[in-house]
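Colleague: Here you go, sequence then predicted model.
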Amino acid sequence: MTHRHSGPRRRTVLQSSAALSAGGLLAACTGASGGDGPATTLYTTGLQDGEPNNFNPLGWTACWPVGNYVVYTYETLFNFNLLTGEAEPLLAAGIEWAENVGTVTLQDGAAWQDGTPLTGADVVSTFSMGDRNEGIAYADLWTYIDAIESPDDKTVVFTLDPQTPQKLRLMALLCFTYILPKHLWDEVPDAELTEYANLEPVGSGPYKLESYTHQDVTLVRNDDYWGNDVHGKPNPLKVVHAIYEGNDAANLSFQNGDIDVSAHFLPRVNELWEDRGLPVKTWETAAPYHLPGSIPMLIINTATGPLADSRVRRALAHAIDYAKIAESAMAGMSEPANASVILPEGAESVHYNAEAAAAGWSYDPAETARILEEEVGAAKGGDGIYVLPDGTRLGPFKAATPQGWTDWNAALDIVATTATNAGIEVVTEFSDWSEVNDNLGNGAFDMVCWYVSDVSPTSPWSRIRDLIDDREVPPVGQMAFWNFGRFKHDAVAGLLDEAATAPDEATATAAYTQLDDIIRAEAPAIPLMYRPLEFFQFSEKNWTGFPTKEDPYCAPMQAMTGIKFLSRIKPVEK
């Protein structure tokens, strides 16, 4: 089976990662063990916000365990390992490259939960859906791919476009695209591919959907899972995702031992074991407790007004108290953000230049004053706010983010206070997510706190690209899906292409450092804090053997880890 893209090359919507805010109704948990004996059910929470209504991995609102890179029901070809940066085999046994051609070999015995064999035709069919419906997120595959073919049941060949041989983007898609059964999805009309509710999902994974209500989603173990001998057999007979009406209710149930694994934001989590002696743990016992995986950014509109001047933006970067954001807004669960858009820990750290980051901005109101007075020629007005030589007052600038994203709201409150005290007036604006998202894409903002590309096989390339690559970005007033601040720099495109096609790690690092230097010099976006890809705090009341920094057999998260931790945890003997 072969598929070649016949339409124009294009990019589609890049979905922004959204900070989880709790929703739905309080789940009624009766205890993770279900009785006095050893636990058989694992209770989790924090990855499903609101009442479940669809399990369609092609749409934008799929419910747990679909749509958030959890591979319990649907599986991907590879798993991305946050700790190593490697793409590890899942449905695929491996990939071999010959210049611009990548050949994927599927695992022996891979099969769907209805017993149908999983073949290369399913893989080709899945990726070709990007041509059937333009709303599918991975349709931008055809920006980089000329053809996908399956010469036999176990082989899939990806031929890159020789003009843009983007192996990074392809590997990300192989890690994050759920493979779907052709014999079922061929029956779905093209126009309905993203809207189809798929309430009886048939995947290839170790768990089947058993039931769902406004209170929880229940998965039951698929004992005929094709990968039991390859990936291990999970120990919980069921996995139940409880749905809560708010963080407080979820965190209380977790502290009571009714929840085994929580992805909710839980401030001062260390107090649970230090002060209360609860059997609760995180990745590490010292701050920041969680493994960083993303960098919420203060994205600045560089197209108009005083913020179009990079000197004003650099002055602003020196006016932000990063340590206070880490300690107060993030409750100590973040190190103070550095002057770099590359994470200093985990898989990205190989490209992190600590010396260059240290030479960038830091919280220094005196440096803010020096830049504005000596470089810009501004003078403080009687109200303490700087005025430019042409009479333009520096503010008030609106710093926006969605209402209810409490840690981000708190971070922007600190930005507003410290920047205003330093002479650049900033006021906060917290509104509905959709309003912030629309204004961001259309360029109708001064500054916005937002996610930009989590850790993945393409990072930090994808994060830098999403921040400052102006190729295919429309002007202000039209919807953009990356480079929301409309930043322009002649060297960016070439350096990004150099990093993407670098023959070795050192060459890629050199290009990333130059790109990071541009961001440090121009300040189109300012890192505010570090967050994990997924908060992962667990209770050992009912299960033990979860991954930790001392026993890092997999990343501390449910997404992208396959069933590594589910096959390692053991019920506590009672």
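Modeller: Structure received. Worth saying up front: this structure is predicted, and the values here are computed from it rather than measured.

Colleague: can you list contacts of the top helix by length along the chain?
Modeller: Counting residues, the longest helix found in the chain (DSSP state H) is helix 505-522. Applying CB atoms under 8 Å, 6 or more residues apart in numbering, the contact partners of helix 505-522 are 302, 310, 313-314, 339-342, 350-351, 353, 356-357, 359-361, 460-461, 464, 467-468, 487, 489, 491-492, 495-496, 498-499, 502, 525. All C-beta atoms are positioned from the backbone trio N, CA, C, and that covers glycine.

Colleague: any idea of the mean pLDDT for it?
Modeller: In this model, helix 505-522 has an average pLDDT of 96.

Colleague: Identify each buried residue in it, please.
Modeller: Going by neighbour count (16 or more other CB atoms under 10 Å), the buried part of helix 505-522 is 508-520, 522.

Colleague: Tell me the helix or strand right after it.
Modeller: Next along the chain after helix 505-522, taking DSSP states H and E as the criterion, comes strand 525-527.

Colleague: so what strands line up beside that following strand?
Modeller: strand 297-300 (antiparallel) (DSSP bridges).

Colleague: Okay, now the unreliable bits of this structure?
Modeller: For the chain, applying pLDDT under 70 flags the ranges 1-36.

Colleague: SS state for the residue of it most remote from its centre?
Modeller: Centroid-distance maximum for the chain: Gly382 at 44.0 Å, with CA atoms, centre = their mean. Three-state assignment for Gly382 (DSSP: H, G, I helix; E, B strand; the rest coil): coil.

Colleague: For it, give me its contacts.
Modeller: If you count contacts by CB under 8 Å, 6+ apart, Gly382 has none.

Colleague: How about the most centrally placed residue in the chain, nearest residue that isn't a chain neighbour?
Modeller: Using CA atoms, centre = their mean, the residue of the chain that lies closest to the mean C-alpha position is Asp454, 3.7 Å off. Nearest non-adjacent residue to Asp454, counting by CB to CB, 6 or more residues apart in numbering: Ser294, 4.4 Å away.

Colleague: Just to check, that neighbour is in contact with Arg531?
Modeller: Yes - taking CB atoms under 8 Å as the definition, Ser294 is a contact partner of Arg531 at 5.0 Å.

Colleague: Name the residue in the two with the higher neighbour count.
Modeller: Comparing Ser294 with Arg531 by other CB atoms under 10 Å, the one with more neighbours is Arg531, at 24 against 21.

Colleague: where's the more buried one relative to Val426, distance?
Modeller: Using CB to CB, to the nearest Å, Arg531 is found at 22 Å from Val426.

Colleague: Tell me which residues touch the residue nearest to Asp454, please.
Modeller: Ser294 is in contact with 17, 451, 454-455, 530-533, counting by CB under 8 Å, 6+ apart.

Colleague: at 6 Å what do you get?
Modeller: With contacts defined as CB atoms under 6 Å, 6 or more residues apart in numbering, Ser294 is in contact with 451, 454, 531.

Colleague: same thing with Tyr553?
Modeller: By CB under 6 Å, 6+ apart, the contact set of Tyr553 is Pro547.

Colleague: nearest residue to Trp273 other than its sequence neighbours?
Modeller: Spatial nearest neighbour of Trp273, excluding adjacent residues (CB to CB, 6+ apart): Val280 at 5.4 Å.
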